[in-house]
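*Asks:* the following comprises the amino acid sequence and a computationally predicted model.
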Amino acid sequence: MLQAVLNGSRPADAHPALPVLARHLARDARAVARLGISSVHVHPRGPNAEETLDPVHVGDAVALIRAEAPGMEIGVTTGRWIEPDPVKRIQAVLDWGRLGVGKPDVCSVNVHEKGWVDVCQAAASVGIGVELGVWTSGDAVTLRQHGVPPSTVRVLAESTVSDPETAVAEAVRILRALGSLPVPVLLHGEEDGAWPVLEYAMRMGLDTRIGFEDVLVRPDGWLATGNDDLVDAARKIYV
């Protein structure tokens, strides 16, 4: 499975084609759906273009994406950097459960963030699946000690090392620390490490992802024209 990650935490001026508004996220979701993508991950923004967990803006983004790309799995973030208070993060997730067509299918929850278990439980209680973010081998050990929450649909093994020479080695360390899991692992990198880790994931038969959240340039080093350009480049990689 190749997932498209459309914007992430990047500022609005990071790239001319970065989707920030809900309608732009929907536009990009439609474009990558035409290339065979069946799962997107987005960071909804408020009127000031800042990331938000506010149900109003999350619901708007998800509903517009669903209208433009029917059948698409839509995931959103629960990042601590957006809302440091775990109680408020939990309440936001609970509120998403009442959004109807604007309810996300999944949400990402980072294992290193305080309150992650409770956020997972809140998501499960309203029928939202969880993508567990594992950024380090230490996170992997934490997850193995606790166990994979029943609402988990996949584990995101995230090599946050941007050096292309060492990003894959870091990814391998995380995978080894994770060991065997009852759910799929989606492996990805970021910035200069994004393409090497994507190629490694493909070679190992693992799920992976690509999009402006992780990288702004194509494998040849040229600035991508859009999320669909990155997806198209990923689709053309044969390993």
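*Replies:* Arrived safely.

*Asks:* for the chain, what helix or strand is lowest in average pLDDT?
*Replies:* Here the helix or strand of the chain ranked lowest by mean pLDDT, DSSP states H and E is helix 137-146, holding a mean of 93.

*Asks:* so how far is it from its chain's centroid?
*Replies:* Put simply, helix 137-146 sits 19 Å off its chain's centre (Cα atoms, centre = their mean, to the nearest Å).

*Asks:* ok, and for that helix, which residues are buried?
*Replies:* 137, 139-140, 143 (16 or more other Cβ atoms under 10 Å). Every C-beta, even on glycine, is put in place using the N, C-alpha and C of the backbone.

*Asks:* and if you look at stretch 54-72?
*Replies:* For stretch 54-72, the neighbour count (16+ other Cβ under 10 Å) marks 54-55, 57-66, 68-69, 72 as buried.

*Asks:* just the mean pLDDT for stretch 90-101, thanks.
*Replies:* Stretch 90-101 comes out with an average pLDDT of 97.

*Asks:* from the chain's centre, how far out does it sit?
*Replies:* The answer for stretch 90-101 is 18 Å, by Cα atoms, centre = their mean.

*Asks:* residues contacting it, please?
*Replies:* 53-55, 58-59, 62-63, 66-67, 76, 78, 83, 102-104, 107, 115, 118-119, 122-123, 125-128 (Cβ atoms under 8 Å, 6 or more residues apart in numbering).

*Asks:* and it, C-alpha only, in CSV?
*Replies:* The C-alpha coordinates for stretch 90-101 follow below in CSV (Å, rounded to 0.1, in the frame of the first residue of the first chain):
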residue,chain,number,x,y,z
ILE,A,90,-8.7,13.2,23.8
GLN,A,91,-11.8,15.4,23.8
ALA,A,92,-11.1,16.5,20.3
VAL,A,93,-10.9,12.9,19.1
LEU,A,94,-14.2,12.1,20.9
ASP,A,95,-15.8,15.1,19.2
TRP,A,96,-14.6,13.8,15.8
GLY,A,97,-16.8,10.8,16.4
ARG,A,98,-19.9,13.0,16.0
LEU,A,99,-18.9,14.5,12.6
GLY,A,100,-20.8,12.2,10.3
VAL,A,101,-19.2,12.3,6.8
